[in-house]
Every structure is written in C-alpha cells, then in structure tokens.
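Colleague: Here is the input, now give the coordinates:
(one chain, ligands or ions: 2)
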Amino acid sequence: MSAEPEMPVRDGSKKPLVAVIDDGTKTVRFVIYEAECSEELASYQMDKTEVQPHEGWSEQDPYEIMHHIKLCAENAIDQLTELGYSKDDIITLGITNQRETTIAWDKYTGEPLHPAIAWNDIRTDSTVDAILAKVPDRNKNYLKNICGLPISPYFSALKMRWLKDNVKAVRRASRDKRLLFGTVDSWILWNLTGGPQDGLHVTDVTNASRTLLMNLETLNWDPVLCRLFGIHRDTLAEIRSSSEVYGTVRDGSVLDGISISGILGNQQSALVGQNCLSAGQAKNTYRSGCFLLYNTGTRRVNSTHGLITTIAYKLGPDQPPIYALEGSIAVAGGAMKFLRDNLRLIRDVSQDTEHIAGQVFSTGDVYFVPAFSGLYAPYWRKDARGIICGLTAFTTKNHIIRAGLEAVCFQTRDILEAMNKDCGMPLSKLHVDGKMSSNDLLMQLQADLTGIPVLRAQSWDMSALGVGIVAGHSVGVWSCDKWKHHATHADTFLPTTTDDDRDARYTKWKMAVQRSLGWATTKKSITMTGQAKRKSIVASQKSLESISSIDSRNNSQDHNGKIDLGIETAILDEGVNAYVDDLLRYSARDYPIEVPVENVKVDRTILDDAEYFMSKKECDYGTCRCCDTRRRIMTDWKTIEEIIENDPEIIFDSDDNPILVEPHKGENVLVSNANVRDSTASNKTGEPSTILKKICNKFTDISMT
Ligand SMILES: Nc1ncnc2c1ncn2[C@@H]1O[C@H](COP(=O)(O)OP(=O)(O)O)[C@@H](O)[C@H]1O
Ligand SMILES: O=P(O)(O)OC[C@H](O)CO
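Modeller: Ligands and ions are numbered 1, 2, ... in the order given. Alright, predicted model coming up:
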C-alpha cells in the first residue's frame, strides 16, 4: 500500500475535477484530475493480492477490488481536501480496467461465485480444445471475422465456459437464472450503482470486444458466438459506448452521488491518454504485459498476420466505433519479476535492472523467450513455453537480464512486422508508456531493435488519464478534440544500429521462438499446469492399499491422510487410468474427478448432475442439436446409480440443464447407435468421441450457417 505524496499546491482557482478508478492486474489506483489541463491533483494506489492456486492459474478477489477502490478513493479525496477542494468538486467518474479478467456473481446476493479469473490465467487450455473441436479444421481463427479474436485462453468467453463447466455454484446460479457474468468494469459499475438493489449491469464496447462474444459490426452480443460457447445472453452486461452517463454511484461510500460517464479497457485508455486519436497512430504500453494498439479509425482491419481487431473507443452512443489493431504480449515486465522472484538475479526491478543489464554491451548471443503461459500475438501458441538459449560458460546474469529486456523489444518488433503487413504502411515512430518504459536502456534497445524513434510519454500512467478524458468529454468538461492538440511525449530515443545488424539479431530471435513452440503438449500441459492436481484421483489411503500396482514413491500425502495421485502416477493403474483418460480425452468438459477406488465410475461432478437430473424425474433433452426438434422423453433409468452405471455423456443445454446422451437408446436419443466405450477403444488418437463429434459437428453446422 502506498500513497503518492507529491501534490501540487493550488492557487485558489477551482476547476472541474474528474476522478478515475484504475483497476490493473497488480494494483488499484484512484486518480483525480483537473479537467482540460490534465493535471493530476491527487492519487492513491494499493497492491492487490495475486493468488496462484495452481501453476498457470491466476485469481483475484472481487471483494478486494471493491474494498481497495473505496479505500483509495477515501485517501485521494483526503489529499484533495488538503489542496482546498472538496469531494463535491468531482464532476464525474471514469473506470478503466485490466481487460478479459472474468467474474461470475449472483445477481440477488451480489456474492462472487468464484474468484476472478485473470486475463493471463491458462487453466482454460482444454476448454479451448473443446471449443476448437466444434469448428471446422479446429481453426483457431475461425471466429475472427465476427469478433476479431482468435480462440485462445486469453479471452473471457473461455473463462465463462470454464466456470460453467467446473463450478457447481455457477451452474446452479445459471439454472436458477441468478447468474451474472462480467469483465471487471461491469463488476465495479454494478457494485457502485447499487449491487443487488438494481445495480446496472453494463459494460462498454472496448471491454466487450475482449470477450469473444461481441460482434464487431453490430456491437452487440453475437447469438452464434453465445451459442458456441454456451453463454446465455441474459447473464451478460448491456453493451454501451465508452463515453456516456451510465448512472450514479449509490453504494453509501465517499463516492455516493457522483455520476459515472466513461469506461475503457486499460490499453484502449492508454491509447486515448497517449493522444493517438487519429488513424495511423499507435502506442505501446510496457507493464507486466505489453500491448501495442494501432488506431485504424472507422476502418475495421482484419489482420491476416496474427494481430487482433478490437474496439479502440466509441465516444458516445451516437458516435461511430473507432477500431484498432492490437498486438498483445503476455509477458514483458513479468519477465523481470521472474528473474527477481524465481531466479533471484535481481533484488529491486526498478532500481537494479537497468544498471545490471547495462554492465555488458550485448547479451553475448543469449536469447530469452518468456513464453511462460504460451505466446500471444502474432503466434497465438498456447503450447509455447519459456526458454533461455545460447548460454555459454561466459554467460552471466547481466547477459540474461539484458536478454530479458531485449525479449520485450523483439516481441514488439514481431508485432510491428505484422502490423506493417496488415496495414501496408510501416509505423514511423512508436509512442510508449507504462512503468517499465522508465528504463532508459530498454527504450534505447527498443529503438535499436526496431529501427524507429521511440517517444516516451510525460507520465508512465496514460491509462488513468485516457478514461478521465472520455468521462469528462461526455459531461462537457474535457474535450477530446482539444486533447488531440496536446503533445504527450517527453523524451525521444533514436535508433543507433544498422539495418543489417538489427535484422541479423532478429533472425536469431525468430530461431529462439521456434525452439519455444510445441513444448507443452496436451498431456504435458495437464501435468505442468497443475491441472493434474485438479483432475487427479483422490483415493483414501485405505483404498489405496488395495491398488497393488501403484508406485508409492510417486505419491504425495496431504494432511487429511489422502493421497493425491498426479496423472503420471495414475497411469500405473490401468483401470483407473482408462477412466480418467476417457474423461479427459472425450469429455467436452474439464472434470474435476474424484474417484473413490472402490467404485471408479463415481465422479463427483457427474454425481451432482445426475442428482439434478433425477430430481427432475424425467429426461429433458431440450432442443436436439441434430434435428432441431424439442424432445422430452422419460428415461428408463430410475436411480443415480443406474445413470452412472450406464455411463452416459452429460452435456449442457444453453440454460445449463444437464442433458444425458444415452449411448444405447436407439431412436429416443440425441445421437443414436453410438457407443462411447466402443469408440473409446478404437480411437487412441486423442480425437473427441463419435458422440461428441456428431453433436459438435451438427452444432457447428447449425450455428455457423
Ligand atoms: N525500471 C524497470 N526496468 C524493467 N522493468 C521494470 C522497471 N520498472 C518496472 N518494471 C516492470 O514493469 C512491471 C510494472 O508493472 P505495473 O505498472 O505495476 O503494472 P501491472 O503489473 O499492473 O501490469 C513489473 O512487471 C516490473 O517488473
Ligand atoms: O493491468 P495491466 O496493465 O497488466 O493490463 C492487462 C491488460 O488489460 C490485459 O489485456
């Protein structure tokens, strides 16, 4: 927690103020600006708790976000008071936020149904595979012409699908029509405007464009996409422009009564803050990740080189949407944090990095690809993993840290190359911001490795400023047109290398990237990401003794006396393994499997669904995805045990009612004459089962035409 002390002293002339809530991945900030002159009067920032329950998972506490916002607001307003202002001078409020991070909550209680799943969380790896199985040729770019995005764990729809598939409370809320999904802006707005007491469930176009569910033309939730991901439109927020009065704070906090009139995802907000308001202008923000956005104006450019198409902003309900091409880099400053926390090569990132890396004149041909959670643009390879290559006996930590800085520059060049190909016109300069841009060496390397001047912003935080401007714009106290004439950069870094030199180094970088690809194979990734733990078989110690073939050396015992067998251990038991394998390979879902060894067929998730199924006393097949007719058929199965014994596939309709797909039921089934077990036996290739394939193909046919 830290206050930011250096506040300007006012001369007595009061101007309208605009406040901003900035919820980042690692911090929450509250900033108060004097409108028009864009002067920051007061700010307060708090660190957030990052929870990583498994490798590759990243969660946040939705309550903590709201708690920090309130505390930051109180502290920043206290600073205002010292300057002779009062809370009443704040005319309006803007919200900017980490994008894609997804929250599910109960609309009647306001209770989050699961921690927020952060944008860089890769638990949805297998959910991605299940969705890819539904689209022709498993083409990850299949939806790009609708929503501008590839199918990747990064985007919100995958996180929503995962929550519905894996969290009982989310499924139940969905069935009971209590479920709300939202990106963080929606969660904040809903809570500020009353929460369970008629809180507004609203998002803006920039955040909605990060979900994989919004149609870039209609700027509304796309029915085909919602159906593909199985997300009900009633659970989603209403999509509005980035600059309009959405409502008023009604939460009893210090902000009560202030209107809210601007929402922008934080990278789009930095684009506005950097004054890239004309087509052809671009900015790059260096923080934990790094995001290069290129304003394409009202023209929507469909990238064919691995970039995404996103909404840059929409400055009012009647204004046209402005589009951007985006190159997203998952790990930038995050690599420095890794070198500090995991390898302990750095003590203090902001103080030591530049100094240590500057002690050598090159990386000594060392390349560091920080693909910790796969690679985003332009590769979109979730199977990539980090590598440091080119090590020799002379390599020191200085070389490795310098290689970490260069990795950000090379990744930026990857994106610039793609952008040049997509737009046909090379970018002549690069506007930069973000905390990491305070590193002069990094900025010089960036200019040297891309061959264009790098223009660093006056302030590292352009994200808060951008949404302040659009919030002020909608209530008439801060004009975007006037802002266009502001110069925002303070320093310029010019390239000092030759084309040949930088191209030779870039070729080596590409070689390093090639070596990082394909590292996390499906099975490996299950183990590596800790999903093995979730999917592992938990057996009581007593039962375990009866499994003679399990190698006890591979077991880890927890404090409950339970033995947690990773997938690799489970492989030793053929019967159990076959069952787990079936579920992993053929299930459309990511089951947490808990199998008492006495009865390997009982799976807690199936049990839960079977219970619900039986409670309805009939088999409601919903609308058949094969023939589009509605079927309501009594099942012969009378007990839960019988359902489990018959081992059906359980899939879900769009209201999240479980639908049993019976393998042996002839005419009265969703897909007839298919036998899960038979297809399992004959299919060792990792393909989805015949049943699922048939359903999914039909589903794809219907929804894609
Ligand atoms: N001088 C510096 N040199 C290199 N990296 C830096 C420097 N200062 C900060 N960083 C890195 O930049 C990132 C700062 O991110 P921050 O602005 O706190 O945003 P967020 O984590 O919310 O994206 C951290 O990952 C940190 O390691
Ligand atoms: O909070 P940041 O700066 O890490 O931003 C994260 C991005 O919005 C993710 O898309």
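Colleague: near ligand 1, which residues of the stretch 401-550 of the chain show up?
Modeller: 434, 435, 436, 438, 439 (C-beta under 6 Å from any ligand atom). Just so you know, the C-beta spots here come from the backbone N, C-alpha and C atoms, and that holds for glycine as well.
Colleague: would you turn the residues you listed into JSON lines with pLDDT, secondary structure and neighbour count?
Modeller: Output for these, formatted as JSON lines (pLDDT from 0 to 100; DSSP: H, G, I helix; E, B strand; the rest coil; neighbours: other C-beta atoms under 10 Å):
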{"residue": "434", "pLDDT": "92", "secondary structure": "coil", "neighbour count": "25"}
{"residue": "435", "pLDDT": "91", "secondary structure": "helix", "neighbour count": "18"}
{"residue": "436", "pLDDT": "94", "secondary structure": "helix", "neighbour count": "25"}
{"residue": "438", "pLDDT": "94", "secondary structure": "helix", "neighbour count": "14"}
{"residue": "439", "pLDDT": "96", "secondary structure": "coil", "neighbour count": "22"}
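Colleague: For the residues you listed, which two are the farthest from each other?
Modeller: Using C-beta to C-beta, the pair of those lying farthest apart is 434 and 439, separated by 10.2 Å.
Colleague: Return the set of buried residues in the longest helix anywhere in the chain.
Modeller: Counting residues, the longest helix found in the chain (DSSP state H) is helix 397-423. For helix 397-423, a neighbour-count test (16 or more other C-beta atoms under 10 Å) marks 397-419, 422-423 as buried.
Colleague: returning to what we had before: pipe the residues of the stretch 401-550 of the chain next to ligand 1 into CSV and attach distance to residue 315 per row.
Modeller: Listed next are those as CSV, based on distance: C-beta to C-beta, whole Å:
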residue, distance to residue 315
434, 24
435, 27
436, 29
438, 30
439, 33
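Colleague: do stretch 92-110 and ligand 1 meet at all?
Modeller: No. Using C-beta under 6 Å from any ligand atom, we find that stretch 92-110 stays clear of ligand 1, coming within 7.1 Å at best.
Colleague: Give me the buried stretch members for that stretch, please.
Modeller: Going by neighbour count (16+ other C-beta under 10 Å), the buried part of stretch 92-110 is 92-107, 110.
Colleague: how far does that stretch stretch from start to finish?
Modeller: Start-to-end span of stretch 92-110 (C-alpha to C-alpha, to the nearest Å) is 25 Å.
Colleague: So what's the gap between it and the chain middle?
Modeller: Relative to the centre of its chain, stretch 92-110 is centred 14 Å away, using C-alpha atoms, centre = their mean, to the nearest Å.
Colleague: Quick check: mean pLDDT of it?
Modeller: Per-residue pLDDT over stretch 92-110 has a mean of 96.
Colleague: residues from this structure in reach of ligand 2?
Modeller: Counting by C-beta under 6 Å from any ligand atom, the residues of the chain close to ligand 2 are 24, 25, 98, 99, 100, 119, 265, 266, 267, 287, 288, 289.
Colleague: Swap in 8 Å and give it another go.
Modeller: Within reach of ligand 2 by C-beta under 8 Å from any ligand atom, the chain has these residues: 23-26, 97-101, 119-120, 154, 210, 265-267, 285, 287-289, 291, 328, 434, 463.
Colleague: rewinding a little: which strands and helices sit next to the longest helix of the chain?
Modeller: strand 282-286, strand 290-297, strand 322-329, helix 333-341, helix 349-357, strand 367-369, helix 440-450, helix 499-516 (3 or more C-beta pairs under 8 Å, 6 or more residues apart in numbering; DSSP states H and E).
Colleague: Helix or strand next in line after that helix, which one?
Modeller: Next helix or strand after helix 397-423 toward the C-terminus (DSSP states H and E): strand 430-433.
Colleague: For that following strand, give me every contacting residue.
Modeller: 270, 273-274, 276, 281-286, 292, 412, 416, 443, 446, 450, 452-457, 459-462, 488-489 (C-beta atoms under 8 Å, 6 or more residues apart in numbering).
Colleague: same check, this time on stretch 248-256
Modeller: If you take C-beta under 8 Å, 6+ apart as the criterion, stretch 248-256 is touched by 19, 70, 73-74, 77, 87, 93, 191-195, 197, 257-260.
Colleague: most centrally placed residue in the chain?
Modeller: Ranked by distance to the mean C-alpha position of the chain (C-alpha atoms, centre = their mean), the top residue is residue 119 at 2.1 Å.
Colleague: Could you give the backbone dihedrals for that one?
Modeller: phi -60, psi -30 (degrees, to the nearest 10).
Colleague: which residues does it contact?
Modeller: Here residue 119 is in contact with 25, 98, 99, 100, 101, 154 (C-beta under 8 Å, 6+ apart).
Colleague: per-residue confidence at residue 28?
Modeller: Confidence score, pLDDT, at residue 28: 95.
Colleague: how near is the nearest residue to it once chain neighbours are set aside to ligand 2?
Modeller: Nearest non-adjacent residue to residue 28, counting by C-beta to C-beta, 6 or more residues apart in numbering: residue 68, 3.9 Å away. To ligand 2, residue 68 is 14 Å away according to C-beta to the nearest ligand atom, to the nearest Å.
Colleague: Residue 68 sits in which helix or strand?
Modeller: helix 62-82.
Colleague: Quick one: list the elements packing against the one helix or strand residue 311 maps to.
Modeller: For residue 311, the host element (DSSP H and E) is strand 308-313. Judged by 3+ C-beta pairs under 8 Å, 6+ apart, strand 308-313 is in contact with helix 205-208, helix 266-273, strand 290-297, strand 322-329.
Colleague: was I right about residue 100 contacting residue 155?
Modeller: Yes. The criterion here is C-beta atoms under 8 Å, and residue 100 meets it with residue 155 at 5.7 Å.
Colleague: residues shared between the contacts of the two?
Modeller: Common contacts of residue 100 and residue 155, defined by C-beta under 8 Å, 6+ apart, comprise 210, 211.
Colleague: residues of stretch 374-381 that come out buried?
Modeller: So, applying 16+ other C-beta under 10 Å, buried residues of stretch 374-381: 374, 375, 376, 377, 378, 379, 380, 381.
Colleague: ugh, wrong one, stretch 493-509
Modeller: 493, 495, 502, 505, 506, 508, 509.
Colleague: ok, so of the residues you listed, who is nearest residue 321?
Modeller: residue 493 (33.0 Å).
Colleague: who are the neighbours in contact with that closest one?
Modeller: Under the criterion of C-beta under 8 Å, 6+ apart, the neighbours of residue 493 are 440, 443, 444, 446, 447, 453, 454, 456.
Colleague: Of these, which is the nearest to ligand 2?
Modeller: Ligand 2 has its nearest neighbour among the contacts of residue 493 in residue 456, at 16.9 Å by C-beta to the nearest ligand atom.
Colleague: tell me the contacts of that closest one?
Modeller: Counting by C-beta under 8 Å, 6+ apart, residue 456 has contacts 432, 433, 437, 443, 489, 490, 491, 492, 493.
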